[in-house]
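> Pasted the sequence and its predicted model underneath.
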Amino acid sequence: MKLFVYHTPELTPTDNVPECAIAVDVLRATTTMATVLASGGEAVQVFSDLDQLIQQSESWPDEKRLRAGERGGAKVPGFDLGNSPLDCTPEIVEGRRLFISTTNGTRALQRVQDAKIVLTAAFTNRAAVVRYLLEKQPETVWIVGSGWEGSFSLEDTACAGAIAHSVVQQTNLSLDELAGNDEVISAIALYCQWQDNLLELFHHASHGKRLLRLDCLEDLKYCSQIDILDVLPIQQEPGVLKKHISS
Ligand code: MLT
């Protein structure tokens with residue numbers, strides 16, 4: 001297995017695709033997706049365009065759908081939900097499909113949606129992602145951070161490092177055997193420095209600060225928990241993620 005980390009969708013190559021791609025948006029889209037599926041949501045369907053989201057979700061029965069929209073960290077007016085994972089309780093999401101559009105997370109997913117296997121990761125479901133990689137042993141894995149409007153996000157790269165670090169710990173692979181680019185080494189170093197204090201890291205992150213200004217401290221606390229959700233979102237068709245059932 002060769003692992004590559006790309007800090008943003010813009011830095012991700014466009015001329016080929018890996019066997020397995022993992023989109024990461026710790027604050028908060030991929031944490032929300034893992035939470036929805038862990039809470040019994042039927043699926044998560046992602047859109048970059050809000051009008052398309054509304055149009056496509058119209059064909060879904062009212063009681064079986066939820067519309068979630070976030071721009072600049074805030075809920076889009078008129079939508080059922082914003083992008084807070086704390087809203088995604090079983091009472092609200094069970095049996096429903098979440099139609100979601102967020103500022104950056106959905107863009108990262110769309111960038112890699114042609115890969116053979118597409119997963120999403122956050123700190124909350126890191127162990128489930130690593131378990132899948134170790135079982136399936138894809139030849140090439142790209143971990144793609146969402147960043148913020150084209151720039152680097154500390155928390156996404158730290159999560160990429162958490163995945164890579166765990167793969168190294170659980171295999172006989174050396175760092176050099178695993179790492180396909182220098183970003184893997186720097187992501188592991190970032191994670192190792194902050195692994196016992198991810199919440200503090202989020203306080204230093206520009207998007208963490210943005211969310212704190214929007215009164216979202218509880219979201220930051222939730223997103224900083226590692227390995228609490230045993231769920232793996234996996235793409236079933238372009239833009240549609242469901243809970244992976246291991247065979
Ligand atoms: C995004 O996609 O940019 C984020 O998930 C924003 C957010 O925190 O809601």
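Thanks, I have the structure now. Numbers count the residues shown, from 1 in each chain.
> residues in the chain within reach of the ligand, list them.
Counting by Cβ under 6 Å from any ligand atom, the chain comes close to the ligand at 25, 27-29, 70, 73, 83, 102-105, 146, 211. To be clear about C-beta, it is placed using only N, CA and C from the backbone, and glycine gets the same treatment.
> who touches the closest residue in space to Asp230 that isn't next to it in sequence in this structure?
If the residues on either side of it in the chain are set aside, Asp230 comes closest to Ala128, at 5.5 Å by Cβ to Cβ, 6 or more residues apart in numbering. For Ala128, the contact set (Cβ atoms under 8 Å, 6 or more residues apart in numbering) comprises 229-232, 244.
> rerun that using 7 Å as the cut-off
Contacts for Ala128 (Cβ atoms under 7 Å, 6 or more residues apart in numbering) come out as 230-232.
> same thing with Thr120?
22-23, 30, 33-34, 109, 233, 241.
> where does it land on pLDDT?
On pLDDT, Thr120 comes in at 98.
> could you measure the residue nearest to Asp230 against Val112, distance?
18 Å (Cβ to Cβ, to the nearest Å).
> now Arg97
21 Å.
> Same check on Thr171?
Taking Cβ to Cβ, one finds Thr171 at 23 Å from Val112.
> The two: who's more crowded?
Val112 (23 against 15; other Cβ atoms under 10 Å).
> Quick one: the strands in the chain, in order.
Remark: strands assigned in the chain by DSSP state E are 2-6, 20-24, 43-46, 65-71, 74-75, 97-101, 117-121, 140-145, 233-237, 240-243.
> about what we covered before: and of the contacts of Ala128, the nearest to the ligand?
Nearest to the ligand out of these is Val231 (Cβ to the nearest ligand atom; 17.7 Å).
> How many neighbouring residues does the closest one have?
20.
> now do Ile188
So Ile188, with other Cβ under 10 Å, has 25 neighbours.
> What sits closest to Ile188 if chain neighbours are left out?
Distance criterion Cβ to Cβ, 6+ apart; nearest residue to Ile188, sequence neighbours excluded, is Gly161 at 4.5 Å.
> Double-check that neighbour against Gln193; I have them as touching.
No. Using Cβ atoms under 7 Å, Gly161 makes no contact with Gln193, being 9.2 Å away.
> Comparing these two, which residue is more hemmed in?
When Gly161 and Gln193 are compared for neighbours, Gly161 comes out ahead with 25 against 12, by other Cβ under 10 Å.
> mind listing what the more buried one touches?
So Gly161 contacts 187-188, 190-191 (Cβ under 7 Å, 6+ apart).
> From the ligand, how far off is it?
Gly161 sits 19 Å away from the ligand, going by Cβ to the nearest ligand atom, to the nearest Å.
> likewise Asn16?
According to Cβ to the nearest ligand atom, Asn16 and the ligand sit 25 Å apart.
> Return the residues in contact with Pro238.
Per Cβ under 7 Å, 6+ apart, neighbours of Pro238: Gln113.
> Swap in 8 Å and give it another go.
So Pro238 contacts 113-114 (Cβ under 8 Å, 6+ apart).
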